[in-house]
Each structure stands twice: as structure tokens, then as C-alpha cells.
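Asks: How does the following fold in three dimensions:
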Amino acid sequence: MVTNLPAKVKAKWAEAVACRNIPEKIRLMKEFLAMCPKHKGTSKLIMNVRRKIAALEEELERSRMRRKSTGRHLFSVPKEGAGQIVMLGPTNAGRSSILSSLTNAKPEINPVPFTTRRPAIGMLRYQDIQFQLVEAPALVEGASKGRMEGPQILSLARNSDGLILVVDLEGDPVKQFRMIIEELSNAGIAVEKPEGEVDIKRTPGTGIKVIGTGRLVGCTVDDVRRLLMEYRISSALIRIRGKVTLDLIEESLFSSAVYKPAILLANKYDVPGAEEKLKSLLKEVEDKIPVLPVSCKRGEGLEEVGSIIFKMLRLIRVYPKEPSSKEPSKRPVVVDEGSKAIDVARRLHSKLYKEFR
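Replies: Next up is the predicted model:
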């Protein structure tokens, strides 16, 4: 456990978290590291804080570059539909062909490497809802260290609701998969589902509330409140999924790691030798994430993508009814599994949410 940190060290971390100025925040985090006891129990904490500092330093550098380049390299994509899915993979893996086959988008499809230079967007229809697919530029080895606009690409992945990883059965899919996973891991993005998830958002004036579909293991809500108060957090919304321990909640205060549900598309299933390469890929992936062999040339496998995305995002559809109508709406409200009636009310109308009983 990390709860044996001295009070002055916890106070320093609270000061760093509260700071909004990036250079000052970096300075405070470095001071925290200098004060933090060094032993086995704090090794993971220290690694996470160093990762946070590196991410802030990269953000600072990107901000400087944006000012010089008048914003030409911004990769921000506003979310639309029932979920935003970012497509990642090496160059020439067929990401543009998949986007074109699944949506109404018309990206440039070219055998020339690195044709996609900016995010390409399309909407994938699945029954009565749509998912937003975002094809990111090619991911390369060293992307997490700044190569080939890697930080911007990985930022897209971090801000998404889920990922489609694309490998090429004409090349070396195992090597490509390992590269993608390594770059995501280096950026603090996991695609293998953890036993428990914690998301802490500071909310002024609401106190400390624990919500979500998960359950606390070996601790109570009062234990969580006491822990957060030690870090000078008196008001926050803690959303949990799965089995969540007090250690995991404390670790989330320091870690910038996130979990993103993902599927792996093994593209070009139509090429000679694809079957054997697929077997090697399945052995490498094991049961970490779903693997779907597809062929844009033949149209194989692509019809399953929508249903897999719906399941991996753990969504449900709620069909509201207008007071004056006998039939429910044909346009559902899409919410997470385990959501309550009040969550649906929040999505439908702010007044309905405020008056909900």
C-alpha cells in the first residue's frame, strides 16, 4: 500500500494536482518525487508520476510548436454518435480501405506509405445508432517518444471511447501487433480489460460520491472518503467498474493510465498465406482482445464490426416516449450498461434531470 506516505508528501501532491500552470505543476511534481520515500511500495507510484511529468513536458512542447505553426497540427476530433472509435495501425495496413468500406467516408486510398496525414472521419451505422470512426495517421515505432506526430495520434486514442487496431496479414501481423501494444503501453493506454477501473473527477460542492457499476472490495465508502481527505480532496465523483480496492483508488490518484476497449482487425485475409499468419497472431494475442479477420477486397468479416463495437463499449439502448405519443421514439438514448433511470433523464433533458425523483 501507498497509504503510509508522510502527511507532508501527500500535501505536496495535493498542491501539485491543484496547480493549473503547467511549468509550475511540473516543478511541484518533481519536488514531490524528491520528498517521496523510495522503496518497493512506492516504485509504481514513482513510475506513474514520472510518466505524468513526461506527458506534461510533451504537452508544453506541443503548445510551443502549435504557437509557431499557427495550429496546423491540431488533431482534435469532436465526438459524435454513440461512441468514438479510433483506428490505429502501421502504414499500408489498410485503415483507409476499412474506413471507406464501413462508412460513407472517402479517404485517399494509396499504396504510397503514410498517405493519411490527418484524422479521417466516417459514421458507421449499426441498426438504429451510429458510431464515429476516426482513422488516425499511421502509428510507428517510437510514436510514444515523439516520432511521426505520435503524441497527437496517441492523444486521439486516449480521448476515444474505444479502439480498432489494424494489422496486415500480407506483412508480419505479430510484429505489428507488438509495436502497437508497446506504443500504447508507453503512453499509459491499456487494451486488456483490468479487474477494476477507477475514474476520479473533482466536482465542487458535491462531497465525495462513489458511483458506477463496480463494487468496493475490502473497503467502504467511508474508507474512500478518509483516503481522499488525506490528499485534501473533499469533493469528487468516483466512478468504479469491476472489483475496486482502496489500493486501486489510491493508485489512480497518481496514475494517468487508462483502459480502452479494443478489437483487432487482421486485414487482407484474402492474400496467400493469410491463414497461417492468422494462427500465429491468435497465439500471440491469446484472449486479450477480440480478433476479427477481414478482407476489404472480398468484404469478408466487416459486417460484424458494428455488433462487436456495441458489445465492447457495453452499451444499452433506451427508447423514450413523448407524453403525447403512443409509440416509443425510434431514436434511442444510448447509455452505459448499469446506468440508472436518472442517468437517462440527464441525457434527455436538464429540467427532467433536475426534477427527477
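Asks: give me every residue that touches the residue nearest to Leu139 when sequence neighbours are not counted.
Replies: Closest residue in space to Leu139, ignoring its immediate chain neighbours: Leu88 at 5.2 Å, by CB to CB, 6 or more residues apart in numbering. All C-beta atoms are positioned from the backbone trio N, CA, C, and that covers glycine. Contacts for Leu88 (CB atoms under 8 Å, 6 or more residues apart in numbering) come out as Arg95, Ala136, Leu139, Ile153, Ala157, Leu163, Ile164, Leu165, Val166, Ile180, Leu184.
Asks: For Arg215, see how far away the first one is.
Replies: What that stands for is Arg95. Note on Arg95: its distance to Arg215, by CB to CB, to the nearest Å, is 38 Å.
Asks: Which one's more surrounded, those two?
Replies: Ranked by neighbour count (other CB atoms under 10 Å), Arg95 and Arg215 place Arg95 first, with 29 against 12.
Asks: Wait, the more buried one touches Val167, no?
Replies: No. Arg95 sits out of contact with Val167 when judged by CB atoms under 8 Å, with a separation of 10.4 Å.
Asks: which residues are common contacts for these two?
Replies: Common neighbours of Arg95 and Val167 are listed as Gly89 (criterion: CB under 8 Å, 6+ apart).
Asks: Kindly confirm my reading that Ile200 is in a strand.
Replies: Yes. Ile200: assigned to a strand according to DSSP: H, G, I helix; E, B strand; the rest coil.
Asks: And for it, the neighbour number?
Replies: Look at Ile200: counted by other CB under 10 Å, it has 17 neighbours.
Asks: Please name the residues that touch it.
Replies: By CB under 8 Å, 6+ apart, Ile200 lies in contact with Ile233, Ala236, Leu237, Ile238, Arg239, Ile249, Ser252, Leu253.
Asks: Can you name the residues that contact Ala105?
Replies: Applying CB under 8 Å, 6+ apart, the residues near Ala105 are Leu99, Ala120, Ile121, Gly122, Leu133, Glu135.
Asks: Between those residues, which sits nearest Arg51?
Replies: When these are compared for distance to Arg51 (CB to CB), Glu135 wins out at 27.0 Å.
Asks: phi, psi of that closest one?
Replies: phi -80, psi 110 (degrees, to the nearest 10).
Asks: beta partners of it?
Replies: In this entry, Glu135 is beta-bridged to Met87, Ala120, by DSSP bridges.
Asks: Let me know whether it touches Met87 as I believe.
Replies: Yes. Applying CB under 8 Å as the test, Glu135 and Met87 come out as touching, 4.8 Å apart.
Asks: overlap in contacts of the two?
Replies: Common neighbours of Glu135 and Met87 (CB under 8 Å, 6+ apart) are Arg95, Ile98, Leu99.
Asks: pLDDT weak spots in the stretch 1-150 of the chain?
Replies: Within the stretch 1-150 of the chain, the ranges that satisfy pLDDT under 70 run 1-3, 62, 65-74, 110-113.
Asks: can you list the domains in this structure?
Replies: Annotated domains of the chain cover 1-74, 84-191+260-312, 194-256 [automatic domain parsing].
Asks: Let me know which of the ones you listed is tucked in deepest.
Replies: domain 84-191+260-312 (a mean of 19; mean count of other CB atoms under 10 Å).
Asks: Just the endpoints, please. Distance across that one?
Replies: End-to-end distance of domain 84-191+260-312 (CA to CA, to the nearest Å): 12 Å.
Asks: Kindly report the same for stretch 95-114.
Replies: 11 Å.
Asks: Could you do stretch 176-196 as well?
Replies: End-to-end distance for stretch 176-196, by CA to CA: 28 Å.
Asks: Quick one: the helices in the stretch 51-200 of the chain, in order.
Replies: For the stretch 51-200 of the chain, the helices defined by DSSP state H, counting those that start in this stretch cover 95-102, 150-159, 173-186.
Asks: what sits up against the second one?
Replies: When you say that, I think you mean helix 150-159. 58, 62, 73-75, 77, 84, 86, 88, 119, 134, 136-137, 139-140, 142-144, 163, 183-184, 187-189, 258, 260.
Asks: if we can go back for a sec, identify, from the contacts of Ile200, the entry nearest to Leu265.
Replies: Distance to Leu265, by CB to CB, is smallest for Arg239 among these, at 29.4 Å.
Asks: My reading is that that closest one lies in a strand. Confirm?
Replies: Yes. According to three-state DSSP, Arg239 belongs to a strand.
Asks: okay, it: pLDDT?
Replies: Note for Arg239: predicted pLDDT of 87.
Asks: on that earlier part again, report the lowest-confidence entry in the contacts of Leu88.
Replies: Among those, Ile153 has the weakest pLDDT, 89.
Asks: mind listing what the residue nearest to that residue when sequence neighbours are not counted touches?
Replies: Sequence neighbours aside, Ala136 is the residue nearest to Ile153 in space, at 4.8 Å (criterion: CB to CB, 6+ apart). Residues near Ala136 by CB under 8 Å, 6+ apart: Phe75, Val86, Met87, Leu88, Arg95, Thr116, Pro119, Ile153, Leu156, Ala157.
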